[in-house]
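Engineer: whatever this is, show me its structure:
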Amino acid sequence: MDRANTPINSLLEQAACIIGRCKEAAGETEPTEGYKGRQTEELIKFANDNGLWIDLSHLVRQITR
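Structural biologist: You can find the predicted model right below:
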């Protein structure tokens, strides 16, 4: 994980723990590789559904002005 994005990494870590506990409680554990891929898909879907992506090109234009 990137030290520059500690708050983001913390949120991702918390999300992973919550998802892991839910799956464990439901008896739906799976291999780490499958879990990580599914976790990434769920986080991408969540970000898309809630408009949480940052437009970096917009930020770069703001900085270079």
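Engineer: touching the helix or strand harbouring Lys36 from outside, list them.
Structural biologist: Here Lys36, judged by DSSP states H and E, is contained in helix 32-49. Under the criterion Cβ atoms under 8 Å, 6 or more residues apart in numbering, residues Leu12, Ala15, Ala16, Ile19, Gly20, Lys23, Thr29, Glu30, Leu52, Trp53 lie in contact with helix 32-49. All C-beta spots, glycine's among them, are computed from the backbone N, C-alpha and C.
Engineer: make it 6 Å
Structural biologist: Ala16, Ile19, Trp53 (Cβ atoms under 6 Å, 6 or more residues apart in numbering).
Engineer: next, the angle from the helix or strand containing the first one to helix 32-49.
Structural biologist: So the one you mean is Ala16. Per DSSP H and E: Ala16 is located in helix 6-26. Per axes from the mean of the first three to the mean of the last three Cα atoms, to 10 degrees, the angle that helix 6-26 makes with helix 32-49 is 120 degrees.
Engineer: thinking again about what came up before, tell me which of the contacts of helix 32-49 is nearest to Arg61?
Structural biologist: Distances from Arg61 to these, taken as Cβ to Cβ, are shortest for Trp53 (16.2 Å).
Engineer: mind checking how far that closest one is from Cys17?
Structural biologist: Going from Trp53 to Cys17 by Cβ to Cβ, to the nearest Å gives 23 Å.
Engineer: what sits closest to Ile19 if chain neighbours are left out?
Structural biologist: Excluding the flanking residues, the one nearest Ile19 by Cβ to Cβ, 6 or more residues apart in numbering is Gln39, at 5.9 Å.
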